[in-house]
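S.K.: next comes the sequence, and after it the predicted model I'd like to discuss.
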Amino acid sequence: MAALAPVPAVQQLHRPSFGTKLSGSSTMAALPRQRRTVAVSAAAGPPIMVNSCTGKMGHATAEAVVRAGLTLVPYSLTGQSEAVAVGNVGVSGVPVELVGPEQRQAALEKIRSQYPDMVVVDYTLPSAVNENAAFYCDNRLPFVMGTTGGDRDKLIADVAASGNYAVVAPNMGKQIVAFQTMMEMMAERFPGCFSGYSLSVAESHQRTKVDTSGTAKAVVASLNKMGLQFGEDQIEKVRSPEEQVSRMGVPEAYVDAGHAFHTYTLTSPDGSVTLEFKHNVCGREVYAEGTVDTCLFLHRQIQAGAEKKLYNMIDVLSAGAMR
Ligand SMILES: NC(=O)C1=CN([C@@H]2O[C@H](COP(=O)(O)OP(=O)(O)OC[C@H]3O[C@@H](n4cnc5c(N)ncnc54)[C@H](OP(=O)(O)O)[C@@H]3O)[C@@H](O)[C@H]2O)C=CC1
Ligand SMILES: O=C(O)C1=N[C@H](C(=O)O)C[C@H](O)C1
């Protein structure tokens, strides 16, 4: 393979301030840091490769890997061509070399010889989801796909057909996954309970988010099982900073730094009954910590030779695998 460039001086990118809170209020501007990392012996977990450490979520996850005491594989796939020339990113003092699309196959041979049991995390872009998943499957790399969007049906079908170990989900935050689980349970227990009701869904994210919230799509799927008829294209994407603050209650500090505010409003035909569900997250720590839990879960399933290969986060939470 082509030699990977030596890793030069570390450049720190994306150091968001963290804070997570469920159910928002407009007074969250100065949220306390809420790190809940439980250190894990490096020997107890797999080395973890995070693609891409240049992104906000990838960087936050790589930091969580280091915080947990696990081995962060010091290479990260990027979508940038000639990425080896682009340089490196630093994650909590660990220099991570960027590997561009042209080098990734050759680089993988070397990386794998050093980290044979590694688990890969993907936080890239909707436009890269399907191609990246195919790359992981073709190379038998177990992976956690946190990236949303792309062709989801094809993604699930391709991964299932490959027989590769993977967790695919739009949300790795433990409490949000619990909410999703609750909605799914409600749909199974009371199908059609909201027949005749109308629904409105508004989701607000940092303006760099290109797709509609994958979490909102999953919750809408559960609500539809309860009798609603709501299309994914009816989900309102709020991306204007002014509206995010004034209407959605996003603290100004998180408008661009990263937030995910969701409101689902159900109304009876005569307007006499209204139910509202909200899940509001500031920062990315809750997902990053959940992603580390998910890598540990996947590693255990592989070691146990589990017959089931493709999981979602409800599986991970249900297995009691979230710290
Ligand atoms: N599952 C979950 O819990 C969560 C999921 N997400 C999802 O994660 C994804 C990323 O979000 P976020 O980090 O905010 O986005 P960013 O825009 O900050 O980061 C995306 C990164 O993807 C990299 N990239 C683009 N194409 C490729 C490619 N082909 N291969 C490798 N890397 C690539 C880009 O780096 P470069 O330019 O160097 O290529 C960029 O740094 C989104 O889909 C988001 O919805 C977000 C939060 C939680
Ligand atoms: O892009 C984000 O930020 C997020 N993306 C995920 C999604 O689309 O559901 C999860 C969360 O909303 C944050």
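M.R.: Sure, I can see it. Because the structure is a prediction, the values reported are computed rather than measured. Numbering: from 1, shown residues only. Ligands and ions are numbered 1, 2, ... in the order given.
S.K.: state the number of residues packed around the residue lying closest to residue 248 once chain neighbours are set aside.
M.R.: Closest residue to residue 248 apart from its sequence neighbours, by CB to CB, 6 or more residues apart in numbering: residue 204 at 4.3 Å. Using the backbone N, CA and C atoms, a C-beta is placed for each residue, glycine as well. Residue 204 has 29 neighbours, counted by other CB atoms under 10 Å.
S.K.: pairing partners for residue 204 in the sheet, please.
M.R.: In this entry, residue 204 is beta-bridged to residue 238, residue 261, by DSSP bridges.
S.K.: who's in contact with it?
M.R.: 238-239, 243-244, 248, 250, 259-262 (CB atoms under 8 Å, 6 or more residues apart in numbering).
S.K.: against ligand 1, how distant is the most far-flung residue of the chain relative to its centre?
M.R.: Residue farthest from the centre of the chain, counting by CA atoms, centre = their mean, is residue 270 at 38.5 Å. Remark: distance between residue 270 and ligand 1 (CB to the nearest ligand atom, to the nearest Å) = 37 Å.
S.K.: change the start of the numbering to 52 and stick with it
M.R.: Sure, I'll start counting at 52 from here, so that last one is residue 321.
S.K.: what does the pLDDT read for that residue?
M.R.: We have a pLDDT of 98 for residue 321.
S.K.: what do you get for residue 52?
M.R.: So residue 52 comes in at 40 (pLDDT).
S.K.: what's the answer for the one 4 residues further on, then?
M.R.: Residue 56 carries a pLDDT score of 45 in this model.
S.K.: and the closest residue to ligand 2 within the stretch 152-301 of the chain, backbone torsions?
M.R.: Nearest residue of the stretch 152-301 of the chain to ligand 2, counting by CB to the nearest ligand atom: residue 266, 3.3 Å away. Main-chain dihedrals, residue 266, degrees, to the nearest 10: phi -70, psi -40.
S.K.: mind checking the SS state of the residue nearest to it when sequence neighbours are not counted?
M.R.: Nearest residue to residue 266, sequence neighbours excluded (CB to CB, 6+ apart): residue 222, at 4.4 Å. Three-state assignment for residue 222 (DSSP: H, G, I helix; E, B strand; the rest coil): coil.
S.K.: what about residue 222, how many residues close to it?
M.R.: Using other CB under 10 Å as the criterion, residue 222 is surrounded by 27 other residues.
S.K.: list phi and psi for it.
M.R.: Dihedral angles (degrees, to the nearest 10) for residue 222: phi -150, psi 120.
S.K.: what about it, distance to ligand 1?
M.R.: 4 Å.
S.K.: then residue 232?
M.R.: 15 Å.
S.K.: tell me if residue 148 really is in a strand.
M.R.: Yes: under three-state DSSP, residue 148 falls within a strand.
S.K.: what residues does the stretch 152-301 of the chain put near ligand 1?
M.R.: Counting by CB under 6 Å from any ligand atom, the residues of the stretch 152-301 of the chain close to ligand 1 are 174-177, 179, 183, 197-200, 220-224, 259.
S.K.: how about the residues of the chain by ligand 2?
M.R.: For the chain, the contact set with ligand 2 under CB under 6 Å from any ligand atom comprises 199, 221-222, 256, 260, 264-266, 309, 311.
S.K.: now tabulate the residues you listed in a markdown table and tack on pLDDT.
M.R.: Formatted as a markdown table, the residues of the chain next to ligand 2 follow (pLDDT from 0 to 100):
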| residue | pLDDT |
| --- | --- |
| 199 | 98 |
| 221 | 98 |
| 222 | 98 |
| 256 | 98 |
| 260 | 97 |
| 264 | 98 |
| 265 | 98 |
| 266 | 98 |
| 309 | 96 |
| 311 | 98 |
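S.K.: where does pLDDT dip in the chain?
M.R.: 52-94, 133-138 (pLDDT under 70).
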